[in-house]
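*Asks:* quick one, structure for this:
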Amino acid sequence: MSKMDRKQHIMEAARRNGQVMVEGLAEDLGVSTHTIRRDINQLCEESKLRRLRGGAVYLEEHVNLPYQARAVLNFDEKTAIAQRVAELIPDGTTIFISIGTTPAIVAAALAQKQSLTIITNNLNAALALSENQSNRIILPGGELRLPDRDILGRAAVDIFSNYRADFAIYGVGGIDIDGSLLDFNVAEVQMREQMRINARRSILVADRTKFGRRTVAVGGTFNEADIAVIDGRPAPSFEPLLASYPGQLILAMEETDA
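*Replies:* As a prediction, this is how the structure comes out:
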């Protein structure tokens, strides 16, 4: 059985039973437990399963992982993305920063910059940038969503309507094969789109696992971002999307950019 067939079998079993165990899969498929663990690790990195002791749990595609789990998922890739974004941002600029773990890691990389004005509903990003006292940070009112530490609601959307930024830095829940941007609820889409519209330049930040990840709320497209910073090329099925992208494509973990 090929690796692709094994992974398909694992996902079908996980959907059917809610979880899978390494020992049982190894016996069913006639391979070593080491091989099954490697397959499961890859599926977890793709956000299709979540590890548990001795196996993994199936993740419903419309449900996001807890914040702390997402914060460490693909951390090296997100850090590489953040470093490349920081190279694009000069001192003294005004920046919108969206919710999400990747934008928060970008914010930490921007802490070395001077005299930034940051408008954000991402408290993790605000705290990271508050380490530099030359910065000005503007937050909306409203309820703090835990454990993500972001602010949702009408005031959070309105704040991005009331300012004009030099850059909008935003993440996304998923990117569909046609380039549609997906998130977990309509409020997230509304805020992301408002900050893109009110920025002079927009920067989409996403690691490869977001390509093909399906969530329920849709709004905006990949091609609308002026700059897209990703860790590396996604699955071959997304090559037409990248090839037709009219903006600046930065591959953070590869030597050359497209």
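*Asks:* for the stretch 1-150 of the chain, give me the ranges with low pLDDT.
*Replies:* Residue ranges of the stretch 1-150 of the chain with pLDDT under 70: 59-74.
*Asks:* now the strands for the stretch 101-250 of the chain?
*Replies:* 117-120, 136-138, 143-145, 150-152, 165-170, 174-175, 180-183, 199-206, 217-221, 227-230, 248-251 (DSSP state E, counting those that start in this stretch).
*Asks:* centre of the chain to the longest one, how far?
*Replies:* What it means is strand 199-206. On the basis of CA atoms, centre = their mean, to the nearest Å, strand 199-206 sits 13 Å off its chain's mean C-alpha point.
*Asks:* kindly report the same for the last one.
*Replies:* Averaging C-alpha coordinates over strand 248-251 and over its chain gives two centres that are 16 Å apart (CA atoms, centre = their mean).
*Asks:* what residues of that strand count as buried?
*Replies:* 249-251 (16 or more other CB atoms under 10 Å). Backbone N, C-alpha and C define where each C-beta goes, glycine included.
*Asks:* before we move on, the earlier item: pick out the shakiest of the strands of the stretch 101-250 of the chain, pLDDT-wise.
*Replies:* Ranked by mean pLDDT, the strands of the stretch 101-250 of the chain end with strand 143-145 at the bottom, a mean of 82.
*Asks:* hmm, who's touching that strand?
*Replies:* 123, 150-153 (CB atoms under 8 Å, 6 or more residues apart in numbering).
*Asks:* what's the answer for stretch 237-249, then?
*Replies:* 175, 177-179, 211-212, 222-223, 225-228, 230, 233-234, 257-258.
*Asks:* if we go to 7 Å?
*Replies:* The set of residues external to stretch 237-249 that reach it, using CB atoms under 7 Å, 6 or more residues apart in numbering, is 177, 179, 211, 222-223, 225-228, 233, 257-258.
*Asks:* hmm, which of those residues is lowest in pLDDT?
*Replies:* The minimum pLDDT among the contacts of stretch 237-249 falls on Ala258, with 63.
*Asks:* quick one on the thing from earlier: how about the contacts of stretch 237-249 in CSV, adding distance to Ile95 and neighbour count?
*Replies:* Shown next, in CSV, are the contacts of stretch 237-249 (distance: CB to CB, whole Å; neighbours: other CB atoms under 10 Å):
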residue, distance to Ile95, neighbour count
Ile177, 30, 13
Gly179, 24, 17
Phe211, 25, 21
Phe222, 21, 23
Asn223, 22, 14
Ala225, 15, 25
Asp226, 14, 16
Ile227, 13, 18
Ala228, 17, 21
Arg233, 27, 16
Asp257, 22, 11
Ala258, 24, 13
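*Asks:* between those residues, which sits nearest Leu110?
*Replies:* Among the contacts of stretch 237-249, Ile227 lies closest to Leu110 (CB to CB), at 14.9 Å.
*Asks:* contacting residues around the closest one?
*Replies:* Contacts of Ile227 by CB under 7 Å, 6+ apart are 88, 201, 203, 247-248, 250.
*Asks:* can you put those in JSON lines and add distance to Tyr170?
*Replies:* Output for these, formatted as JSON lines (distance: CB to CB, whole Å):
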{"residue": "Leu88", "distance to Tyr170": "14"}
{"residue": "Arg201", "distance to Tyr170": "12"}
{"residue": "Ile203", "distance to Tyr170": "7"}
{"residue": "Gly247", "distance to Tyr170": "14"}
{"residue": "Gln248", "distance to Tyr170": "16"}
{"residue": "Ile250", "distance to Tyr170": "15"}
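*Asks:* from these, pick the one nearest Thr94.
*Replies:* Using CB to CB, those come closest to Thr94 at Arg201, 11.3 Å.
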